[in-house]
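1. Got a sequence here, can you model it:
(one chain, ligands or ions: 1)
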Amino acid sequence: MVRAMAPRFPTQFADLLTPKGRRILEGRDPETCGALLDPTRPFIALQGVIDVKKAAEARDVLDAALRDTLVTMEDPIPEDSISGMVENYTEALPKTVRVRTALLESRRSRSWRAAEEVGLVALLRSDTFAGFAAAVSGRALKRSWGIQVLCYGPGDYTGPHNDHHPEEADARDGYVDMHVSLTMPAVDHQYLVYAKGGHFSELTKVSTVGGITVYRLPFWHYTTPLCAKKAREDAARRWVLLGTFLDAGPRTRASSTILPPGARPPVGGTTLGRGTGAGRR
Ligand SMILES: [Fe+2]
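-> Here you go, the predicted model:
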C-alpha cells in the first residue's frame, strides 16, 4: 500500500512568490527594494507578493501540524497598575501580550519536531527567506537569523511596545523583522497600529493570506485583538511566520552575510559575527 505523503512546505521561500515577489527578491523592483533605508519609513506592508493559493495551502499545513503544540505567552496588565497608583496621571503600561507561540529554539520541543516534519524549519532557514528581507530592507544582514511562529486566536493581541533592545550591542542601532501572515477564513480582522510623528495614528490590516510585513525596529506599535467572524471563534486563527535579522557589520565575514541583490560583498571582513537573535517577542 502506498502511503500518501504529508503535504510539505517548499524548501525555498522563493517558491511561494508571485512574479512580483520574485522581482523584489532579485532586486528588480525599485519601489520596494531598499524601501526601509528611508528613516521616515519604519515598515512596509506587501500584498500580491506571495501566491495566494500557495499561501492558503501553507496555512492549512501549518494549522494541522502545529495547532496542538502551541504554548501561550501571556503578560497581562499588572494587577496593581491602578490600585498602586498614588499620583494622578502617572499611569505607565509595560508591554502586555496574549498570543500562542510555537517554540522553535529547542530541537527537542514538540513544535520544532512538527515544524521540521512539514518542512517549515527549512523554509524559514532558506536563503531566499533572508534574501527577501535583505532586498526590502536594503541592508546586508547576518546569516544566523532568529525564527519564530506565532498564532493569534480570538481576543489575542499585543499591547503598545517598541521592540528596542538597548542592552544588545548588535541590535541597539536597529534590526529587521519580517512577518508572513497566514490567516484562517474564520478571522474577521486584525490590525497593526503604529506611531508616526509621535502618535499612534497609522493603521494597517494584517489579517491577510500571504501578506508580508517588513520592519525596521525599534518603533512604537501594537496589534489589535483578533476578531473572529460571527460564531466561528473555534477556527479563527492568524498564523505569523517570523524572521529576526541583525545587521551585518563591516567585520562580519562574507560567508556569514546575506546581501541585498546587487550589493557588493564587503572587503576584508574577517571577524565572525555572533549573529544571535535579538529575542523579539
Ligand atoms: Fe513588536
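
2. make it CA atoms for all contacts and neighbour counts henceforth
-> Fine.

3. residues near residue 116, how many?
-> Residue 116: 18 surrounding residues under other Cα atoms under 10 Å.

4. where do the helices sit along the stretch 1-150 of the chain?
-> Counting by DSSP state H, counting those that start in this stretch, the stretch 1-150 of the chain has helices at residues 19-25, 52-66, 80-83, 110-117, 120-124, 127-137.

5. now the ones you listed in a markdown table, with distance to residue 201?
-> Shown next, in a markdown table, are the helices of the stretch 1-150 of the chain (distance: least, Cα to Cα, whole Å):
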| stretch | distance to residue 201 |
| --- | --- |
| helix 19-25 | 28 |
| helix 52-66 | 29 |
| helix 80-83 | 25 |
| helix 110-117 | 36 |
| helix 120-124 | 32 |
| helix 127-137 | 23 |
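
6. any idea which of those is most buried?
-> Of all the helices of the stretch 1-150 of the chain, helix 127-137 carries the top mean neighbour count, a mean of 25, counting by mean count of other Cα atoms under 10 Å.

7. Return the distance of that helix from the chain's centre.
-> How far helix 127-137 lies from its chain's middle: 12 Å, per Cα atoms, centre = their mean, to the nearest Å.

8. Would you mind pulling up the elements that that helix packs against?
-> Contacts defined by 3 or more Cα pairs under 8 Å, 6 or more residues apart in numbering; DSSP states H and E place helix 127-137 against helix 19-25, strand 175-183, strand 209-217, strand 257-258.

9. Alpha carbons of that helix, as PDB, please.
-> Backbone C-alpha positions of helix 127-137 (Å, rounded to 0.1, in the frame of the first residue of the first chain) are rendered in PDB as follows:
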ATOM      1  CA  ASP A 127      18.500  31.700   1.700                       C
ATOM      2  CA  THR A 128      15.600  33.300  -0.200                       C
ATOM      3  CA  PHE A 129      13.700  34.000   3.100                       C
ATOM      4  CA  ALA A 130      16.600  36.100   4.300                       C
ATOM      5  CA  GLY A 131      17.300  37.300   0.800                       C
ATOM      6  CA  PHE A 132      13.800  38.800   0.700                       C
ATOM      7  CA  ALA A 133      14.300  40.600   4.000                       C
ATOM      8  CA  ALA A 134      17.700  41.900   2.700                       C
ATOM      9  CA  ALA A 135      16.100  43.100  -0.600                       C
ATOM     10  CA  VAL A 136      13.300  45.100   1.100                       C
ATOM     11  CA  SER A 137      15.400  46.400   4.000                       C
END
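
10. now the angle between strand 175-183 and that helix, please.
-> Angle of helix 127-137 versus strand 175-183, following axes from the mean of the first three to the mean of the last three Cα atoms, to 10 degrees, is 110 degrees.

11. Could you give the average pLDDT over helix 127-137?
-> Average pLDDT, helix 127-137: 97.

12. what's next to it, contact-wise?
-> 12-14, 24-27, 32-37, 123, 140-141, 143, 145, 176-178, 214, 216, 243, 245, 258-261 (Cα atoms under 8 Å, 6 or more residues apart in numbering).
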